[in-house]
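1. kindly return the folded structure for what I paste below:
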Amino acid sequence: VQFNDIHLPHSIKMKVIARLLPFLVSAFHACAGAKTEHQTCAGSHVPLIDPVEPRIFFSGKSFSMQEWTEKSGLDSAVSLSESPSRLLPIQGCCSEDPIGHMPQMTTDESLDVLDAAVKGYSNGAGIWPQMTLRQRIDAIEKFITTLEISRERIIDTLMWEIGKNFKDAESEFDRTIAFIRQTIETIETHKDFSNKFNNVSGSTVMIRRNSFGIILALGPYNYPLNETYATIIPALLMGNIVILKIPQVGGLAHLLTFEAFAEALPENTIHFISGGGRKTLPKLMESGKVDGLAFIGGTSAADKLVKQHPSPHRLKTFLQLEAKNMAIVMKDMFTNEEKDDEYSRNSMFRDIITGSLSYNGQRCTALKIIFVPKGKGKYVAEELAKRVENLTIGMPWEKHDIDGSSAKKSSMITPLPNQNRVDFMNDLLTDAVSKGAIKANELGGTIIDSSSECTGSSEKSFSSTLMVPTVLYNIQASMRIYQEEQFGPIVPVVEYDSIEEVLNYGLQSAYGQQVSIFTNLSNPSASIVDVFSAIFGKININSQCGRSPDSVPFSARRSSGLGVMSIVDALREFSVPTVVSYKNEESQKTVEGIKEQSNFMADL
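-> Coordinates of the predicted model:
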C-alpha cells in the first residue's frame, strides 16, 4: 500500500504517522523492492545522486584530487589528496552515505590562494580589472551559458545536501541566473555605468564606477547559490577579484561551478577556499590584503573577521546577518464582521504560516515571532497549528497528492541539513516548555524516521532530521525563543496588552531587518510604521517578509546587516565612483581621443 495514495485529510495522515511510525518504517522497507535507477518509496520518486567529486580551484583551473596531486610546484598537494582527514565526507540531509567530499585546505594553502588573488588584481592593473566593462560582461555571459549545462546536477545537490525541495531548488538556480542577467541589463542601461560626459558647474565630467580590490566572500548554507552570487557576480562585473570561502554545509553545489568559471574567466580572477574557517581565514584577514568583506551569516563570526584586519577603517564591509522578524497582528483582525474588500483572517493565517515555515523557517527573512492581542494567543496558535497539519512533509524530491487533487505538491517541510540544527531546535523547545510554553500541535517537534530505500543509504535506517514544525503559545520574555533567532521550524506566538509593548520589543531588539503588520485599519498602524521606519529595513503590510523583488533595496539596521542589496545597490556596494573631468573646451578633442583608446572609458 502506498500511503500517499490513500485519500484522507493530511492532518489525519500525520497523526497516523506518529501513532504507527514503527509499522510505517517497516512498510517503507517492504514497498521499495530491488534498487533500480530510480526508486519508488511510499509513492515518492527518488533521484539517486552520484557523489559530488572533490575538486580544487587554483589559478583559474579546476583540478580533480589526482590532478592536484600531480601538479608540480605545490608541496601541499600531496598531503591534501593522500590524507583521508583532508577530505570531509558530506552526508547532507538525507543520506548516511556521503553524497560528496569537501577538501579541507590548510592555512598555507589559503595563503597561496590569496597570493594568486593579489597577482590577479595587481593593485588594479591586473588582467580582469583592466578589461573593458563590455569584456567583463561577455565573460560573465559565457559563464552563465556554461553553468546552465549543470542545472539539473546542481538542483539535485541542493535537495540532497540541504533539504531544499525540488521546486525551491529549481527556483534558486533559475532566480540566480535571472539575477545575473538583470544585473548585466542594469549596467547597460543605468547612468552609474555610462561613459557619457555632462556639464556640472563649469566642469565637464564623466562618472563611472570601478573596482576597489580583493573581495573575500562568505555565503550561507540555506541559499548557497542565490545569496552568494548576489554578491560575487556584481563584485566581479565591477572589476574586483573574488575569493569565495565555500561553506562546510551547503558547499557541494559550488564545486559543480568550477568548470564554468574556469572556462569563462581569466586566471586569478575568482578563487575558492574550502575547509574550516578557523584554519583558512584568520591569516587572510591579518595580511591586510583583503579590501572588502561580503559576509552572510552570524554576527559573532563577522565581528571576528573584521577585527582580524589590521586596518579595519579601510575594509569595505557588506554584511547580511541575523534577524528576529516580527509579525504584528492588530486587534481589528479579530472583529466578527469580515468584509469582502478587506484582508481576511484566513489570508493572514496563510501568510504567517508561509512566512514562518517556508524552507523550514531557514530564511533570514522568515517571520520568527508572532505578536497577537491579549487573549488571542491560544486561538491564533491553534489556527496556525491546523495549517501546520496540512503542510506536506517529506523528502525534498517527494510529490504529494492533496486530498485527491490531480496536482501534486512538493514537500514544504523537509529534513534539516544536519543533526546540529535538530539539537538546537530541541534545546529551544525544551527551554520554552520548561518555562510554561504550550505546544498547540501535538506532533510539534516530532522526528519522522527515514529508511534506506528512501535515502539511498547502505544502512537500514539512519538518524533522521525531518522535524514536524512546532507552534508555541504562552511565550514569556524569559524564554530563549523570545529573543534568539531560531532559524528553523518553530513558530512562537506572544500576547501583548498594548501596542507599546510591541513597539518596545522592536526598539530594544538587537535586530532590525523586517516586520510584518496585519491589519485593515490605518490607525494605529501608521504610528507603528513611523516608529519602525527608523528600525527596520522593510515594513510589510498584510504580507510575509521577503527579499524579492531583486530590483527593490534589501537593507537592514543594527545587528541584522550593513549595506544594501538590490541589483543596482549590489553593484554600488562593490565599486567606487571614478570621475574623469576637464574644464576648458580646448581639452575636448584630447579627451575624446583618450576615450577612444581607454578601456575604462570604453563604450558598452
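2. and the strands in the stretch 351-500 of the chain, which stretches?
-> In the stretch 351-500 of the chain, the strands defined using DSSP state E, counting those that start in this stretch lie at 367-373, 399-401, 408-410, 438-439, 447-448, 466-467, 470-473, 490-496.
3. what residues does the fourth one touch?
-> Counting contacts by Cβ atoms under 8 Å, 6 or more residues apart in numbering, the residues outside strand 438-439 that touch it are K378, A381, V433, G445, T470, V471, L472, Y473, N474. (C-beta placed from N, C-alpha, C; glycine too.)
4. which residues touch the second one?
-> Taking Cβ under 8 Å, 6+ apart as the definition of contact, the neighbours of A381 are I438, A440, V471, L472, Y473, V491, V493.
5. again, but for the third one
-> With contacts taken as Cβ under 8 Å, 6+ apart, V433 has the following neighbours: K439, L472.
6. quick one on the thing from earlier: now tabulate the strands of the stretch 351-500 of the chain in a markdown table and tack on mean neighbour count, distance to N198 and mean pLDDT.
-> As requested, those are exported to a markdown table (neighbours: other Cβ atoms under 10 Å; distance: least, Cβ to Cβ, whole Å; pLDDT from 0 to 100):
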| stretch | mean neighbour count | distance to N198 | mean pLDDT |
| --- | --- | --- | --- |
| strand 367-373 | 25 | 45 | 98 |
| strand 399-401 | 19 | 56 | 87 |
| strand 408-410 | 17 | 51 | 89 |
| strand 438-439 | 16 | 63 | 98 |
| strand 447-448 | 18 | 63 | 94 |
| strand 466-467 | 24 | 58 | 96 |
| strand 470-473 | 26 | 57 | 98 |
| strand 490-496 | 24 | 53 | 98 |
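7. to A510, which of those lies closest?
-> strand 367-373 (12.8 Å; Cβ to Cβ).
8. which elements pack onto that closest one?
-> Under the contact criterion of 3 or more Cβ pairs under 8 Å, 6 or more residues apart in numbering; DSSP states H and E, strand 367-373 touches strand 325-329, helix 345-357, helix 377-389, strand 490-496.
9. and the third one, how far out from the chain's middle?
-> Read that as helix 377-389. Chain-centre distance of helix 377-389: 28 Å, with Cα atoms, centre = their mean, to the nearest Å.
10. again with the first one
-> From the chain centre to the centre of strand 325-329 is a distance of 22 Å (Cα atoms, centre = their mean).
11. residues in a beta bridge with V515, which ones?
-> Beta-bridge partners for V515, by DSSP bridges, are M326, I539.
12. just to revisit the earlier point, between the contacts of A381, which sits nearest T257?
-> Comparing the contacts of A381 against T257 with Cβ to Cβ places V491 closest, at 34.9 Å.
13. confirm for me that M102 is in contact with G275.
-> Yes - counting by Cβ atoms under 8 Å, M102 does reach G275; the two are 7.4 Å apart.
14. distance to L256 added to the contacts of A381, as TSV?
-> Formatted as TSV, the contacts of A381 follow (distance: Cβ to Cβ, whole Å):
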residue	distance to L256
I438	45
A440	41
V471	37
L472	39
Y473	43
V491	34
V493	41
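15. closest to E259 out of the residues you listed?
-> The closest of the contacts of A381, once distances to E259 are taken by Cβ to Cβ, is V491, at 41.7 Å.
16. so where's the stretch 401-550 of the chain shaky on pLDDT?
-> Low-confidence segments of the stretch 401-550 of the chain, defined by pLDDT under 70, span residues 404-406, 450-462.
17. and what of the chain?
-> 1-48, 72-85, 336, 404-406, 450-462.
18. find the centremost residue of it, please.
-> Central residue of the chain (Cα atoms, centre = their mean): Y223, 2.7 Å from the mean position.
19. and the closest residue to S411 other than its chain neighbours, how far is that from N418?
-> Nearest residue to S411, sequence neighbours excluded (Cβ to Cβ, 6 or more residues apart in numbering): G394, at 4.0 Å. Separation of G394 from N418 (Cβ to Cβ, to the nearest Å): 18 Å.
20. same question for I180.
-> 30 Å.
21. sorry, back to before: and the strands of the stretch 351-500 of the chain as CSV, adding distance to P310?
-> Below are the strands of the stretch 351-500 of the chain laid out as CSV (distance: least, Cβ to Cβ, whole Å):
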stretch, distance to P310
strand 367-373, 36
strand 399-401, 54
strand 408-410, 48
strand 438-439, 50
strand 447-448, 47
strand 466-467, 44
strand 470-473, 46
strand 490-496, 41
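22. looking at the ones you listed, which is nearest to Q588?
-> If you check each of the strands of the stretch 351-500 of the chain against Q588 by Cβ to Cβ, strand 367-373 wins as the nearest, at 57.4 Å.
23. now the angle from that closest one to helix 345-357?
-> 150 degrees (axes from the mean of the first three to the mean of the last three Cα atoms, to 10 degrees).
24. what's near enough to touch the residue nearest to the centre of the chain?
-> Neighbour list for Y223: E172, R363 [criterion: Cβ under 8 Å, 6+ apart].
25. follow-up on the earlier one: farthest-separated two in the contacts of A381?
-> Across the contacts of A381, the longest distance by Cβ to Cβ is 12.7 Å; it joins I438 and V491.
26. any common contacting residues for the two?
-> A381, L472.
27. now do the nearest residue to I413 once chain neighbours are set aside against I99, distance only.
-> Excluding its sequence neighbours, the residue lying closest to I413 (Cβ to Cβ, 6+ apart) is I393, at 4.3 Å. For I393, the distance to I99 (Cβ to Cβ) stands at 22 Å.
28. can you check T299 too?
-> 31 Å.
29. more crowded one of these two?
-> It is I99, of T299 and I99, that has more neighbours when counted by other Cβ atoms under 10 Å, with 22 against 17.
30. neighbours of the residue lying closest to R547 once chain neighbours are set aside, how many?
-> Once flanking residues are discounted, R547 sits nearest to F554: 4.8 Å by Cβ to Cβ, 6+ apart. F554: 24 surrounding residues under other Cβ under 10 Å.
31. next: P310.
-> Neighbourhood size, P310 [other Cβ under 10 Å]: 11.
32. would you agree it is in contact with G288?
-> Yes - here P310 reaches G288: they are 4.5 Å apart, a contact under Cβ under 8 Å.
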